[in-house]
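Visitor: return a 3D structure for these sequence lines:
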Amino acid sequence: MRFRLLFLLLPLLAACAKEPGPVRFDFVGATGLTSSDRSVSAGDTLITRAYVTGDNLLKHLRITVTYEPQPNPVVYPDVLTSYDPSTNPSSPEILYLDSTLATNQYDFGFRNRFGVRTTSGVENWRYTVTDASGNSTTRGYRIVVRKADSAAVLHNYTMFARLSERGAQARPFLQLQAGLLLPRFALRPQPGIQGNPDLIYNNQRVIDAVLVRRGSGVRFVSPSSDSLRASTDNWARARRKRTVFTHIAITNAAFNNLNTVASLRAAFVGGSAASPDSLFTRPLVKPPVVTTSDPTPNTTSSAIAFRTEDLTTKERKYGVLFVSDVTETPYPGIRYTVRMQK
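Guide: Model (predicted):
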């Protein structure tokens, strides 16, 4: 899920009615902004702007989301009429931001830019602001996401992972099975965190890969790689998943024909690891153009097979990721498509 928070000093008031009380929270209503319940397509990017004022100093902002029925794709039985939704695991509340605000603020604005889930279901977003006297107000909306091929054997989706010009402060953290991108502050306990910090630790436990810039190149790195030590403070090794990568040579057409778990596993086993180990990839590049003279160009830096492993159950799942573009302007990042075992 992609998320960016920017504190703005300008009062961005809008079409939503103001709430009475010591803390007043208004979503900005304008074309292109999300301020109320809506239906969208899987993987869409949404933007919310809000403005908050208070009679007392404003001290705390908390943002949470709950996915229904669960963030991961649902595995349907062969006979769809036998599917029982009550058997799905409960979806915990995910904490996206829990932070103390700057001092001496009676008003502030912010922007939330995020990508919705890549599976069919519902997202319930909640924004809560608390003042110095303990008064609070909560606003939110419900996002319904529809994906046409939810009953397919494999989960597939396309994402754009954006890298911040400020480097480590906004590196994308990937949950590959659900197709979620989390910002760094969703995995790092913030000053003044309210409630149980285990909510942050739960976020850490589901991350499969981190997108990092190394020199002039961009790579995927496993959370368990020692190369992440300098940038993963407060992320204990016991909460880091071990994702293994191999590079494969495959055309885009062949990638689209990976339709079974066996084909994903075979691609992973037949790939080659980046030196010196398989816990990070080579620098990612845009795939070469297919031509008549070279119909199957080498794509080993564009196509990556991977294997994830659940920290609790030790269940392993296989997938293949195909990088379709690497950009520097207008935003540095990569566009990629994933085909993964549900």
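
Visitor: all helices of the stretch 51-200 of the chain, in order?
Guide: Applying DSSP state H, counting those that start in this stretch to the stretch 51-200 of the chain gives helices spanning 198-205.

Visitor: low-confidence stretches in the stretch 1-150 of the chain?
Guide: 1-20, 78-83 (pLDDT under 70).

Visitor: A helix includes Leu228, no?
Guide: Yes. Using DSSP: H, G, I helix; E, B strand; the rest coil, the assignment for Leu228 is a helix.

Visitor: distance of it from Ala209?
Guide: When distance is defined by Cβ to Cβ, to the nearest Å, Leu228 is 11 Å away from Ala209. For every residue, glycine as well, the C-beta is placed using N, CA and C.

Visitor: show me the strands in the stretch 101-250 of the chain, by range?
Guide: Per DSSP state E, counting those that start in this stretch, the stretch 101-250 of the chain has strands spanning 107-115, 121-131, 136-146, 154-162, 173-175, 180-182, 209-214, 217-221, 244-247. These are given in chain order.

Visitor: for stretch 325-342, which outside residues touch it?
Guide: With contact meaning Cβ atoms under 8 Å, 6 or more residues apart in numbering, stretch 325-342 is reached by 72-75, 153-163, 165, 176-177, 179, 211, 213, 218, 255, 258, 261, 264, 284-286, 317-324.

Visitor: let's see it at 7 Å
Guide: 73, 75, 154-163, 165, 176-177, 179, 218, 258, 261, 264, 284-286, 317-324 (Cβ atoms under 7 Å, 6 or more residues apart in numbering).

Visitor: sort out which of these are buried, if you could.
Guide: Among the contacts of stretch 325-342, the ones that count as buried by 16 or more other Cβ atoms under 10 Å are 73, 154-157, 159-163, 176-177, 179, 218, 258, 261, 264, 284-285, 317-323.

Visitor: any idea which residue sits dead centre in the protein?
Guide: Closest to where the C-alpha atoms of the chain average out (Cα atoms, centre = their mean) is Leu181, at 1.3 Å.

Visitor: any idea what that residue is bridged to?
Guide: Beta-bridge partners for Leu181, by DSSP bridges, are Leu174.

Visitor: so it makes contact with Leu174?
Guide: Yes. Counting by Cβ atoms under 7 Å, Leu181 touches Leu174, with 6.1 Å between them.

Visitor: mutual contacts of Leu228 and Ala209, please.
Guide: In contact with both Leu228 and Ala209: Val221, using Cβ under 7 Å, 6+ apart.

Visitor: more neighbours, these two?
Guide: More neighbours surround Ala209 than the other of Leu228 and Ala209, with 27 against 18 (other Cβ atoms under 10 Å).

Visitor: what mean pLDDT does stretch 316-335 get?
Guide: Across stretch 316-335, the average pLDDT comes to 88.

Visitor: repeat that for stretch 256-274.
Guide: Mean predicted confidence for stretch 256-274 is 94.

Visitor: excluding its backbone neighbours, what's nearest Pro223?
Guide: Setting aside the residues directly before and after it, Pro223 is nearest to Arg240 in space (Cβ to Cβ, 6 or more residues apart in numbering), at 3.9 Å.

Visitor: how about Gln341?
Guide: Per Cβ to Cβ, 6+ apart, closest to Gln341 is Lys317, 4.4 Å.

Visitor: pairing partners for the helix or strand harbouring that neighbour, with directions?
Guide: For Lys317, the host element (DSSP states H and E) is strand 316-327. Within its sheet, strand 316-327 is paired with strand 303-309 (antiparallel), strand 333-341 (antiparallel), according to DSSP bridges.

Visitor: determine which stretch of these is the most buried.
Guide: By mean neighbour count, with neighbours taken as mean count of other Cβ atoms under 10 Å, strand 303-309 ranks first of the strands paired with strand 316-327 at a mean of 23.

Visitor: and that strand, C-alpha only, in PDB?
Guide: Provided in PDB are the C-alpha atoms of strand 303-309 (Å, rounded to 0.1, in the frame of the first residue of the first chain):
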ATOM      1  CA  ALA A 303      12.600 -10.900 -14.200                       C
ATOM      2  CA  ILE A 304      12.900 -12.300 -10.600                       C
ATOM      3  CA  ALA A 305      11.500 -15.500  -9.100                       C
ATOM      4  CA  PHE A 306      11.100 -15.500  -5.400                       C
ATOM      5  CA  ARG A 307      10.100 -17.700  -2.400                       C
ATOM      6  CA  THR A 308       8.600 -16.300   0.700                       C
ATOM      7  CA  GLU A 309       8.200 -18.000   4.100                       C
END
